[in-house]
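In: Sequence plus the predicted model coming up.
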Amino acid sequence: MSKSLKLYGGSALGVAVVLTAAYNFADRNVTAYPERAALAGPDPMLAERAPEPEPSGGLIAAANAEASGAGAVYGLGREALPQEIAAWDVDIMPDGSGLPEGSGSVRDGEMLFSQNCAVCHGEFAEGVGNWPPLAGGDGTLADEDPVKTIGSYWPYLSTVWDYVHRSMPYGAAQTLSDDEVYAITAYILYSNFLVESDFVLSDENFTEVEMPNADGFIVDDRPETEYVKWRTEPCMENCKDEVEITMRATILDVTPEDEAEAETTEQAAAEPVEAAAPADEGGDGMQIDMALAEEGEGVFRQCKACHMVGEGAQNRVGPQLNDLIGRPMGGIDGFRYSASMEEMGEEGMVWNEETLAEFLVKPRDYVEGTTMSFNGLRSDEDVAAVIEFLKTHQSD
């Protein structure tokens, strides 16, 4: 016998023995195919197993019912326990159902909002960059570019509580306690001038808060009134005789009328613009340090989220600051100041360089109960620079 036959013969015999054993084991222990089961009778291995408890409802029950019609039961899963359902059932309804017990104040909410929300939504809920504002927008819903905030647009306070509780803070959803959610919701209401600074929101007074746009929503009847108008075969070619510009860019105003205007626009954009020569004398004959005022313009960026100044300035979260020097405190008609600010104005106090300096260092210490939650400027140099900048916006 050759060496190769001696070498591989034993190996082949061993493999044959292993395969035979594997086949016999599988034949005895693996569930039979339906056609084989019909011939061979019930499998003794399956008969020894205790029957699985059959769920009584839901998708599992439907699957098992369908399977039982074919002579088999899947036995998948089980019904969810009440505590498991409660962990997912976190939505809050407009009538307050689903609210947990708890409470939170505006003052606590201000601190929590600063820690958890201000990085995206601003210290005063005014919005940062592309992150949405949560306050403001009063009376803008009929504008071409409405500002939709919680105060101007949202109809139900339950939506605010539910969204903060379910999805915020960004990247750390559902890490806030129930009391913290109440407090943040209270601060958002305060930022929209819907409650006072001493307000405490709780599950007991939740439904007493009225949202300004509660009546601004209607039942969606578009399936009956609109769908029939546009659910037709779409036009795929030669749909219009000619194409023309029917609207202009509302913000940038860069849509050219024709090629000539486009060239003019490009040339104007390429030409450098000469800066106006700085003036040494401001409105009311005030002497102004223009170099310091330029520094103040940079510092004032901390204030621009709430205050406007310059041509076209309007009241926002805070009042506009044109002609501030010499203005009585709380002196803009129609703007909602804190009660303490209005009292100071009624007592004859006005804004000047001295009162502004004290206010900008510690606003809450100077005007107790002020709605301005800014902590104050960090240095005397910043204070002086901002005041100098504001002096450049005094009328003659």
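Out: Happy to help now that I have it.
In: contacts, neighbours, all on C-alpha from now
Out: Fine.
In: can you map out the strands along the chain?
Out: 103-105, 200-202 (DSSP state E).
In: Just name the most buried of these.
Out: strand 200-202 (a mean of 22; mean count of other C-alpha atoms under 10 Å).
In: Does anything pack onto it? Which helices or strands?
Out: strand 103-105, helix 178-191 (3 or more C-alpha pairs under 8 Å, 6 or more residues apart in numbering; DSSP states H and E).
In: Residue 306 is nearest to which of these?
Out: Set against residue 306 and scored by C-alpha to C-alpha, those come closest in helix 178-191, at 11.1 Å.
In: contacts for that closest one?
Out: With contact meaning C-alpha atoms under 8 Å, 6 or more residues apart in numbering, helix 178-191 is reached by 100-110, 112-113, 124-125, 134-135, 150-151, 160-161, 164-165, 195-197, 199-202, 317.
In: same question, stretch 130-141
Out: 120-122, 124-127, 146-153, 188, 191-192, 316-317.
In: List only buried entries from these.
Out: Buried by 16 or more other C-alpha atoms under 10 Å: 120-122, 124-127, 147-153, 188, 191-192, 316-317, out of the contacts of stretch 130-141.
In: Next step: those restricted to helices.
Out: Counting by DSSP state H, the part of those found in helices is 120, 121, 188, 191.
In: Name the nearest of these relative to residue 172.
Out: Closest to residue 172, out of all of these and judged by C-alpha to C-alpha, is residue 120, at 13.5 Å.
In: per-residue confidence for the closest one?
Out: Per-residue pLDDT puts residue 120 at 91.
In: shaky segments in the chain?
Out: The chain contains residues with pLDDT under 70 at 1-73, 249-285, 305, 371, 373, 396.
In: center of it - which residue?
Out: residue 132 (6.2 Å; C-alpha atoms, centre = their mean).
In: Could you report the distance from that residue to residue 356?
Out: The spacing between residue 132 and residue 356, counted by C-alpha to C-alpha, to the nearest Å, is 31 Å.
In: Pick the most buried one from the helices and strands packed on strand 200-202.
Out: helix 178-191 (a mean of 26).
In: For the stretch 51-200 of the chain, just list every one of the helices.
Out: For the stretch 51-200 of the chain, the helices defined by DSSP state H, counting those that start in this stretch cover 58-69, 82-88, 106-116, 118-121, 157-167, 178-191.
In: CA atoms only: put the shortest one into PDB for me.
Out: Below are the C-alpha coordinates for helix 118-121, written out as PDB (Å, rounded to 0.1, in the frame of the first residue of the first chain):
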ATOM      1  CA  ALA A 118     -29.000  79.700  26.400                       C
ATOM      2  CA  VAL A 119     -26.200  78.400  24.300                       C
ATOM      3  CA  CYS A 120     -28.700  77.800  21.500                       C
ATOM      4  CA  HIS A 121     -31.600  80.000  22.300                       C
END
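In: Not counting it itself, show me its contacts.
Out: 124, 125, 127, 128, 129, 131, 132, 133, 134.
In: Could you find the closest non-adjacent residue to the fifth one?
Out: It refers to residue 129. What sits nearest to residue 129 in space, not counting adjacent residues and going by C-alpha to C-alpha, 6 or more residues apart in numbering, is residue 120, at 7.8 Å.
In: how far away is that neighbour from residue 171?
Out: Where residue 171 is concerned, residue 120 sits at a distance of 12 Å (C-alpha to C-alpha).
In: got it, and residue 219?
Out: Distance of residue 219 to residue 171, given as C-alpha to C-alpha: 34 Å.
In: Over to residue 200?
Out: Taking C-alpha to C-alpha, one finds residue 200 at 27 Å from residue 171.
In: just residue 143 next, same as before
Out: With C-alpha to C-alpha as the criterion, residue 143 and residue 171 are 33 Å apart.
In: Then residue 189?
Out: From residue 189 over to residue 171 (counting by C-alpha to C-alpha), the distance is 23 Å.
In: check contacts around residue 330.
Out: Contacts of residue 330 (C-alpha under 8 Å, 6+ apart): 337, 341, 342, 344, 345.
In: Without its sequence neighbours, what residue ends up closest to the last one?
Out: Excluding the flanking residues, the one nearest residue 345 by C-alpha to C-alpha, 6+ apart is residue 329, at 4.3 Å.
In: measure the one you found to residue 140 for me?
Out: Distance from residue 329 to residue 140, by C-alpha to C-alpha: 27 Å.
In: more neighbours, those two?
Out: residue 329 (22 against 14; other C-alpha atoms under 10 Å).
In: Tell me how far that one lies from residue 340.
Out: 10 Å.
In: go on, residue 353?
Out: For residue 353, the distance to residue 340 - C-alpha to C-alpha - is 20 Å.
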